[in-house]
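Fold the following, please.
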Amino acid sequence: MRNEEYVFNYDPSEDAAAADLATLDISRPERFRDDTIWPFFARLRKEAPVHYCPDSLNGPYWSVSKFNDIMAVETNHQVFSSEPSITLFDPEEDFPLPMFIAMDPPKHDVQRKTVSPIVAPNHLAQLEPIIRERAGRLLDEVPRGEAFNWVDKISIELTTQMLATLFDFPWEDRPKLTRWSDVATAAPGSGIVDSDEQRRAELLECLAYFNNLWNERANSAPKPDLISMLAHGESTKNMPPQEYLGNLVLLIVGGNDTTRNSMTGSLYALSKFPEQEKKLRANPALIPSLVSETIRWQTPLAFMRRTAKEDVELGGQSIKAGEKLAMWYISGNRDEEVIADGDSFNIERANVRHHLSFGFGIHRCVGNRLGEMQLRIVWEEILKRFEKIEIVGEPKRVLSAFVHGYEALPVLIPN
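Numbers count the residues shown, from 1 in each chain. Predicted structure coming up:
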């Protein structure tokens, strides 16, 4: 399918109830940007929980939309492989980006273990006061009585500062991390990159920059930052350049997009469900529950892909070896059979940590506790300072079926 035909064939007013399931492509990024995806997923969960799409920008694929079916795939890496990619897009033969999240054991396990000390409990304890000081300073600097973009002023800035700390990245150049994160996940024509060639060129600039950091760290004593860990790790110190770049993209996107979109999503959710904000302000002890409910309700990464290693049956459907599956976390997190009233936002939800947003099993998000800690601290600091943060316009959402996030959220803090 040619790109212009694909764009032309999009109908923003399409009725989910009338859509032809035989040709439905749930991965259209426009539906995520327009926030019209929900009735389509609800119908798939009800009528075709394991659904085959014969044609899309990325070829044919299966959608897995229910919680327990996703868990069945997630916990069976012997049959459902993470290679060669975690997105529906297949790597270019001449520009592969291998990364440990898109690897199977044993290579996945040793590479993940190399960087996991960065989020060990003792290191998180050292990071907490740093995050708190930065969050407080950023919140103190936002304008009062005039509208501003929460995504830029708070969500992006705070997560980018955290990334710079984790990499021990030159502070003045930290906006590059935000740019590379956006470039890595953007579709051509999204307003971020115009073509695959532009994305490749910018990612090669990223590699060149990080190669200099690698050489510095490799020739110095080991330090507790991600580049030093990779440069000195037995399983990573001899990585080829494309694998280094792939792991950089993973760590940058994983440390940036997910946390920043949860920070924005939490504020937006409370504006949509004002009774929950009243509960929160009356009882700040609910902040940890707010954090988990936000991560479920927002689901900052909408899906992860697996590829069948062999013929297998799932949900009554016959999946052939080599076929792609999208595990739609964003749908499983609203599966009526597992999560009651999943479309609502409820910070007193029972078993609130029972969600799919971090994945499950061997690929469960390595930085989940760090992300939760950042979101918790931000809300602790917000409640200390502001009686109200008003949403003064609808959010502008990212054009992506993978990153479920925001480009802008206009807010105003009264004087």
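
Report the rounded mean pLDDT for stretch 60-69.
The average pLDDT for stretch 60-69 rounds to 98.

Pull the contacting residues for Ala184.
The neighbours of Ala184, taking Cβ atoms under 8 Å, 6 or more residues apart in numbering as the test, are Arg199, Leu203, Val249, Ile252, Val253. Backbone N, C-alpha and C define where each C-beta goes, glycine included.

Just the ones in strands from the residues you listed, please.
Taking DSSP state E as the definition of strands, the contacts of Ala184 contribute nothing to them.

Take these and write them to TSV, including neighbour count, distance to Trp297 and pLDDT.
What follows is the contacts of Ala184, written out as TSV (neighbours: other Cβ atoms under 10 Å; distance: Cβ to Cβ, whole Å; pLDDT from 0 to 100):
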residue	neighbour count	distance to Trp297	pLDDT
Arg199	19	30	88
Leu203	21	31	92
Val249	21	26	86
Ile252	28	24	85
Val253	20	21	83
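
quick one: the strands in this structure?
Assigned by DSSP E, the chain shows strands spanning 50-53, 61-64, 80-81, 148-149, 303-308, 312-314, 317-319, 324-328, 390-391, 396-397, 406-408, 410-412.

avg pLDDT for the fourth one?
The reference is to strand 148-149. The predicted model gives strand 148-149 an average pLDDT of 98.

Please identify which of the strands of the chain is closest to Leu370.
For Leu370, the closest of those is strand 303-308, at 19.2 Å, according to Cβ to Cβ.

Who are the packing partners of that closest one?
strand 80-81, strand 324-328, helix 329-332 (3 or more Cβ pairs under 8 Å, 6 or more residues apart in numbering; DSSP states H and E).

I'd like to check the angle between it and strand 324-328, please.
With axes from the mean of the first three to the mean of the last three Cα atoms, to 10 degrees as the basis, strand 303-308 and strand 324-328 are set at 150 degrees to each other.

in the longest helix seen in the chain, what counts as buried?
What stands out as the longest helix in the chain, according to DSSP state H, is helix 241-272. Neighbour-count burial for helix 241-272, with 16 or more other Cβ atoms under 10 Å as criterion, is recorded at 242-271.

number of nearby residues for the residue nearest to Lys153 when sequence neighbours are not counted?
Using Cβ to Cβ, 6 or more residues apart in numbering and skipping residues adjacent in sequence, the residue nearest Lys153 is Val142, 5.5 Å away. Neighbour count of Val142, defined by other Cβ atoms under 10 Å: 17.

Surely Val142 is in contact with Ser155?
No: under the criterion of Cβ atoms under 8 Å, Val142 is not in contact with Ser155, lying 11.9 Å apart.

State the number of residues packed around the closest residue to Ile339 other than its chain neighbours.
Leaving aside its chain neighbours, Ile339 sits nearest to Asn333 (6.6 Å; criterion: Cβ to Cβ, 6+ apart). Using other Cβ under 10 Å, Asn333 has 23 neighbouring residues.
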